[in-house]
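A.B. asks: this one's structure only:
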């Protein structure tokens, strides 16, 4: 699998990474996660991204692949407790969070510790940045990053404290392409694209029950991409290859609980980037249709 330089770090990351949210939220078993991650690692994937608030995700990853720790880069996030709704931005909260994460992941360090969508106001106050830098100095995280979008992400890049940015970018979430990605590249940050397949919103013929998917489903109804025409596999291929075509992106995080999906995704990645015409058609469609409130989804 293709590797890309991860900003100014010493990491060469696979263009396809594993997102750990689904295995936690869907309560996968350790045996299933072991099979899932073994297949991904064997196919050349070397990035695993998770977070404390992805319910049991960190513990599952620790149980499943701690014995293969040298085979992958391990990314996690802090700032929330047992759920994404529990803010935990105090200095003591963050220091306790990394200790819990390391214990669950069965490791002495993570390769990247990220702030999980904290506000620009908190970033400007500085305490949360100071504690992440302290954790980095102690060797518990090799690098630190910011996971988020919009103005907070712009500030995170400009402040010079971070090594990486994780942000939403896909066919229906393109704000970052002009707002933050060029800035991140200029400052030599590694870029992690979250939701590169747009939550596969095209799989739903009617508006899905899950509100998490609603913004992307609504946008698709107005964008009318010609490749979103009922062929869900073609839609997924075009979406993944679109994000792959964005030169600033280092790695794309895709979550799944289906072991066979990694072979499908690897085969899609092997087809390479979209043609210039295909890529520009998607960009022009977005630019002509996107509404002012179509901002990056946290």
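C.D. replies: Arrived safely. None of these values were measured; they are calculated from a predicted model.
A.B. asks: from here on, just use CA atoms for contacts and neighbour counts.
C.D. replies: Will do.
A.B. asks: test of understanding: give the bridge partners of the closest residue to residue 45 other than its chain neighbours.
C.D. replies: Excluding the flanking residues, the one nearest residue 45 by CA to CA, 6 or more residues apart in numbering is residue 14, at 5.5 Å. Listed by DSSP bridges, the beta-bridge partners for residue 14 are residue 3.
A.B. asks: so who does residue 14 touch?
C.D. replies: Listed by CA atoms under 8 Å, 6 or more residues apart in numbering, the contact partners of residue 14 are 1-4, 44-47, 250-251.
A.B. asks: go on, residue 56?
C.D. replies: Residue 56 neighbours (CA under 8 Å, 6+ apart): 23-25, 27.
A.B. asks: who touches stretch 123-140?
C.D. replies: So stretch 123-140 is contacted by 89-91, 94-95, 98, 108-110, 113, 122, 141-144, 152, 155-156, 161 (CA under 8 Å, 6+ apart).
A.B. asks: how many other residues sit next to residue 212?
C.D. replies: Close neighbours of residue 212, defined as other CA atoms under 10 Å, add up to 11.
A.B. asks: doesn't it fall inside a helix?
C.D. replies: Yes. Assessed with DSSP: H, G, I helix; E, B strand; the rest coil, residue 212 lies in a helix.
A.B. asks: how near is the residue nearest to residue 45 to residue 175?
C.D. replies: Here residue 14 is placed at a distance of 24 Å from residue 175 (CA to CA, to the nearest Å).
A.B. asks: and residue 188, by the same measure?
C.D. replies: Taken as CA to CA, the span from residue 188 to residue 175 is 19 Å.
A.B. asks: can you check residue 286 too?
C.D. replies: Distance from residue 286 to residue 175, by CA to CA: 10 Å.
A.B. asks: let me know the secondary structure of residue 297.
C.D. replies: coil.
A.B. asks: surely residue 195 and residue 256 touch.
C.D. replies: No. Under the criterion of CA atoms under 8 Å, residue 195 is not in contact with residue 256, lying 11.6 Å apart.
A.B. asks: OK, contacts around residue 190?
C.D. replies: Per CA under 8 Å, 6+ apart, neighbours of residue 190: 5-9, 163-165, 184, 249-250.
A.B. asks: PyMOL command for the buried members of the contacts of stretch 123-140?
C.D. replies: Here is the PyMOL command that selects the buried residues among the contacts of stretch 123-140 (16 or more other CA atoms under 10 Å):
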select buried, resi 89+91+94+95+98+109+110+113+141+142+143+144+152+155+156
